[in-house]
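# Pasted the sequence and its predicted model underneath.
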Protein chains: 2
Amino acid sequence: MVVKVYGPNYASPKRVIVCLIEKGIEFETVPVDLFKGENKSPEYLELQPFGELPVIQDGDYILFESRAIIRYYAEKYKSQGTDLLGKTIEEKGLVDQWLEVEAHKYQPPLYDMVVQILFFPKMGIPKDENKMKENEEKLSKVLDVYEERLSKSKYLAGDFFSLADLSYLPFTQYLVGPMEKGYMIRNRKHVSAWWDDISSRPSWQKVLSFNFNP
Amino acid sequence: MVVKVYGPNYASPKRVIVCLIEKGIEFETVPVDLFKGENKSPEYLELQPFGELPVIQDGDYILFESRAIIRYYAEKYKSQGTDLLGKTIEEKGLVDQWLEVEAHKYQPPLYDMVVQILFFPKMGIPKDENKMKENEEKLSKVLDVYEERLSKSKYLAGDFFSLADLSYLPFTQYLVGPMEKGYMIRNRKHVSAWWDDISSRPSWQKVLSFNFNP
């Protein structure tokens, strides 16, 4: 059964796609255009009642929330492709911990910056410079903790690549790319080496090479 | 080995404590006073580099982020106490999905309301009425999705109590109790029945009966 991933042009669905590639799971993508409001259609809301991305369909099984989806596939196909959960239950606990940190500490300020820098101009909305500054400061403090952590282990959850690292790829790519804030990564030696490592993985390079636009 | 839980007076650590009780795991609590800045002490930052609650110590194993901790114990002691993960990997996927919804859709507006209603007065800060209204609207929309969901299954992830329900207990208790916004639950028939069910569990009643203050 080929897994259908909705909304491949956006960042959170790419978190799912890079995971499926690491696990060697076949998938196809279904475009969803947020600017046309396709995520608010009755058909889409049947799949994802909040009208958000991503959602997957795997036969009769429907699942949303990108971090729930990557946990599901990492566990279901534990021994296929890259093991993304660590070897022991204690390692898996640390994977979950740093995945939660990504979701609660890293993503919220970065997401707001993405919206302000990349989407507001398209919508004719001016940036809120105070909010931008506040978010950049929050993100800097989180990156300082990562710098310390990554001085002690190669990846966030330990000396193994895991969901806890993979989950950073889509939004950090915005940061170093179109947002032109790569200095936030490059100013930190260990974070910088970690980013070079995870972003050069063939799985992520493959995601970057796709043109999901119809 | 008795599990040490830091900061039992606050809501997120209670998410961990109610889980430990459901699983029949022995624990002890270590008070942390946020108003005295005890969470910013060098000793505490060694355990939790962001200075946040909760963190647990289980022998040499240290884990933070409440939802990572409850996943760890639910999995480590899968067959002890209440099974909180469902029977199949597909059920577990749905547990993760609704746990993510709690973390990303329910908790953020509610947390801001908690801070404004319960903590701002202690700190002499006036409420931001626009923000309050905006948050209550957001929370209402999320509760509408739960109402629909709970009209079809007894609990959020299916017909079994799980981490996805347990995780709502501490902050929803604020909502129906000291925040005096119980109408948001009571106005919705299925959400109301679900709340009565989960909040009357002996585990949660036990948490409410504790006086963790030193």
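That came through, no problem.
# Give the other helices and strands that the top helix by length along chain A contacts.
When chain A is parsed with DSSP state H, its longest helix is helix A:129-150. The contact analysis (3 or more C-beta pairs under 8 Å, 6 or more residues apart in numbering or on different chains; DSSP states H and E) places helix A:129-150 against helix A:107-114, helix A:183-186, helix A:189-199. C-beta coordinates here come from the backbone N, C-alpha and C atoms, glycine included.
# redo that, cut-off 10 Å
The contact analysis (3 or more C-beta pairs under 10 Å, 6 or more residues apart in numbering or on different chains; DSSP states H and E) places helix A:129-150 against helix A:89-101, helix A:107-114, helix A:183-186, helix A:189-199.
# most packed of those helices?
helix A:89-101 (a mean of 23; mean count of other C-beta atoms under 10 Å in any protein chain shown).
# and it, what does it pack onto?
helix A:66-76, helix A:129-150, helix A:163-166, strand B:55-58, strand B:61-64, helix B:66-76.
# Double-check that A:E28 belongs to a helix.
No - applying DSSP: H, G, I helix; E, B strand; the rest coil, one finds A:E28 to be strand, outside a helix.
# can you list the weak-confidence ranges in chain A?
A:212-214 (pLDDT under 70).
# Same question for the longest helix of chain A: list its buried residues.
A:N135, A:K138, A:L139, A:V142, A:L143, A:Y146, A:E147, A:R149, A:L150 (16 or more other C-beta atoms under 10 Å in any protein chain shown).
# Pick the one among the residues you listed closest to B:K76.
A:R149 (23.2 Å; C-beta to C-beta).
# Quick one: residues contacting the closest one.
Contact partners of A:R149, counting by C-beta atoms under 10 Å, 6 or more residues apart in numbering or on different chains, are A:W98, A:V101, A:Y155, A:L156, A:A157, A:H190, A:V191, A:W194, B:P49.
# Tell me the one among the residues you listed nearest to B:R15.
Ranked by distance to B:R15 (C-beta to C-beta), the contacts of A:R149 are led by A:V101 at 16.3 Å.
# Surely the closest one and A:L143 touch.
No - counting by C-beta atoms under 10 Å, A:V101 stays clear of A:L143, with 11.5 Å between them.
# For the host helix or strand of A:Q205, list the C-alpha coordinates in CSV.
Per DSSP states H and E: A:Q205 is located in helix A:202-209. The C-alpha coordinates for helix A:202-209 follow below in CSV (Å, rounded to 0.1, in the frame of the first residue of the first chain):
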residue,chain,number,x,y,z
PRO,A,202,20.7,11.7,0.9
SER,A,203,17.1,11.6,2.2
TRP,A,204,17.0,15.4,2.8
GLN,A,205,18.9,16.1,-0.5
LYS,A,206,16.2,14.0,-2.2
VAL,A,207,13.4,16.1,-0.6
LEU,A,208,15.1,19.3,-1.7
SER,A,209,15.4,18.0,-5.3
